[in-house]
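A.B. asks: Kindly generate the corresponding structure for this input.
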Amino acid sequence: MTGSAATAGEGSGGRSGGRRADHPADHPADGPADHPTVARGLGLYLAANLGSTVGTWVHNLAQGVLVFQQTGSNTLVGAANSAQFAGVALLLPWSGMLADRYERRAVVGWFALLCSGCGAAFTVLSATGRASAASMIALAGLLGLTAAAVQPAAAALVPLLCRPSRVAQAVTANSLTYTLGRAIGPGLGAALLAGPGQSWAFALNAASFALLAAVMLVVQPRPQDRAEPRGPAAPRLAEVVADRRIGWMLAAVAALSLAIDPVSTLAPTYAVGVLGSGAGGAGRLMTCFGAGAAVSGAVLLARRRPTLVQLAAAAGVLIAGMLGLAAAPSEPVAAVALVVAGAGFVGSSTTAVGIIQLAVDDRLRGRAMAAWSAAYLGVRPVTALLDGAAADVAGPRIATVGSVLPLVLVVGLAWVSLGRGRASSQPGPRGRRAEREEMTA
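C.D. replies: Below is the predicted model of the structure:
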């Protein structure tokens, strides 16, 4: 793999003369990014993103419980999850292009409104008693298509809402909103299912996306370095993925997504069929995972730069937690295991996305984040079906053990490839050798 994504500014009129456009060395003073509206913009975006993430997890729990109650099939629960995330893979070449060629704030705003409309449709079907498993799966697919355009643009917007020297911390803070949402959403969803009902859960998700769209009218990001307005999307996406560091980090993200899939896809069957906790136990288990992730994310906010050592260590913690879940004899033991798994997940996932964000030029950041979305969310159609089918055939414990094996392989191969591959090309003043040494330090 080559280093083309990391050096897109070189030889193409880039502002940084061969460096990444937002590398801290290009900004000895923070300048206009210190403007208070930018600081408030980041805080508003993070709050709105937390709200939409909470809404999404409330929605996912309500949708999964509804399908499981109607069918008793883990495979169909997996099918509903697959339909919701299939759009990320289907729109991969174009969702990143939208984020790079057009104003990211506008892309997030308009598609968040469409997501809100899908949530409203879920609410109407549930409130009128017409929410069948088939209609949930079909509507989940439509929601997934609209959400697929939001994710890359929103992730690529984050570096423009902070000082260039604080990109790593901003990326971690953005990841923390997802982990906090994972901690809050399932518990809130369980409370809504036990109280007002599923219609309120779906309505909350619709309102959360409407709030995200409204916040896009207020935030004021730094100027975006847009990609060329013409040309096919796929070659530029290939240019991003061709960077060896980015390629391995995307592989790690996909393996992480597979490793944690049992937390969402198999939570209902763990709670009801294995641990005897009842339907509410699924929400409690998912909340424990999110709580561990939130604590770990808060600690990582002080980190200046992500490294490969951090990725390997955090992945080991995640693997230990998931194996603990597979062996848990009771809900309290499973809860502790999921706290550990959540802490390992956020440590490894924020490290991987941080390495990607810092390695790519701003003009290609939307495509990089589309590739990240495909690796993290786009594999869910496959992983959810595999987990559901494996649990139906061999049981959820065996399915959980199998889900972590690819992560062991990918992290080991990435360590060998990036840790030993120190031959230096010179894309810019810092050199590739210095960047690899920082990653493996």
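
A.B. asks: got the buried residues for the lengthiest helix in the chain?
C.D. replies: Longest helix in the chain, counting residues (DSSP state H): helix 36-71. Neighbour counts over helix 36-71 (16 or more other CB atoms under 10 Å) mark 38, 41-42, 44-46, 48-68 as buried. All C-beta atoms are positioned from the backbone trio N, CA, C, and that covers glycine.

A.B. asks: tell me the mean pLDDT for that helix?
C.D. replies: Across helix 36-71, the average pLDDT comes to 81.

A.B. asks: Could you do stretch 407-423 as well?
C.D. replies: Per-residue pLDDT values across stretch 407-423 average out to 75.

A.B. asks: Off-centre distance for that stretch?
C.D. replies: In terms of CA atoms, centre = their mean, to the nearest Å, the centre of stretch 407-423 is found 22 Å from the chain centre.

A.B. asks: From the contact counts, what lies against the helix or strand hosting Pro268?
C.D. replies: For Pro268, the enclosing helix or strand under DSSP states H and E is helix 267-269. When contacts are defined as 3 or more CB pairs under 8 Å, 6 or more residues apart in numbering; DSSP states H and E, helix 267-269 packs onto helix 36-71, helix 74-90, helix 280-300.

A.B. asks: Run the angle between the second one and helix 36-71 for me.
C.D. replies: It stands for helix 74-90. 150 degrees (axes from the mean of the first three to the mean of the last three CA atoms, to 10 degrees).

A.B. asks: chain center to the helix or strand that comes right after helix 74-90, what's the gap?
C.D. replies: Counting by DSSP H and E, the element after helix 74-90 in chain order, helix or strand, is helix 92-101. From the chain centre to the centre of helix 92-101 is a distance of 17 Å (CA atoms, centre = their mean).

A.B. asks: Following element in sequence after helix 92-101, please.
C.D. replies: Next along from helix 92-101, by DSSP H and E: helix 104-127.

A.B. asks: Can you point out the buried residues in the helix or strand that that following helix is followed by?
C.D. replies: Downstream of helix 104-127, the next assigned helix or strand under DSSP H and E is helix 133-157. Across helix 133-157, burial judged by 16+ other CB under 10 Å covers 133, 136-137, 139-157.

A.B. asks: How far does helix 133-157 sit from its chain's centre?
C.D. replies: 13 Å.

A.B. asks: angle of it against helix 36-71?
C.D. replies: Using the same axes, to 10 degrees: helix 133-157 against helix 36-71 is 160 degrees.

A.B. asks: tell me the mean pLDDT over helix 133-157?
C.D. replies: Helix 133-157 comes out at a mean pLDDT of 84.

A.B. asks: just checking, what packs against it?
C.D. replies: Applying 3+ CB pairs under 8 Å, 6+ apart, one finds that helix 133-157 contacts helix 36-71, helix 74-90, helix 92-101, helix 104-127, helix 365-373.

A.B. asks: how many other residues sit next to the nearest residue to Asn74 once chain neighbours are set aside?
C.D. replies: Once flanking residues are discounted, Asn74 sits nearest to Gly388: 4.1 Å by CB to CB, 6 or more residues apart in numbering. For Gly388, the count of nearby residues is 27 (other CB atoms under 10 Å).

A.B. asks: okay, the helix or strand encompassing Gly388 in CSV with CA atoms only?
C.D. replies: Under the criterion of DSSP H and E, Gly388 resides in helix 380-394. Taking Å, rounded to 0.1, in the frame of the first residue of the first chain, the C-alpha atoms of helix 380-394 are listed here in CSV:
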residue,chain,number,x,y,z
ARG,A,380,-23.2,-5.1,10.3
PRO,A,381,-25.5,-6.6,7.6
VAL,A,382,-23.1,-9.6,7.5
THR,A,383,-22.0,-9.7,11.1
ALA,A,384,-25.6,-9.4,12.5
LEU,A,385,-26.8,-12.2,10.3
LEU,A,386,-23.8,-14.4,11.1
ASP,A,387,-24.2,-13.8,14.8
GLY,A,388,-27.9,-14.5,14.7
ALA,A,389,-27.5,-17.6,12.6
ALA,A,390,-24.6,-18.9,14.7
ALA,A,391,-26.6,-18.4,17.9
ASP,A,392,-29.5,-20.3,16.5
VAL,A,393,-27.3,-23.2,15.5
ALA,A,394,-24.6,-23.4,18.2
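
A.B. asks: Which strands and helices lie in contact with it?
C.D. replies: helix 74-90, helix 244-265, helix 396-420.

A.B. asks: Buried ones in the last one, by neighbour count?
C.D. replies: Yep, that's helix 396-420 we're talking about. Those buried within helix 396-420 under the rule 16+ other CB under 10 Å are 396-397, 399-404, 406-407, 410-411, 414-415, 418.
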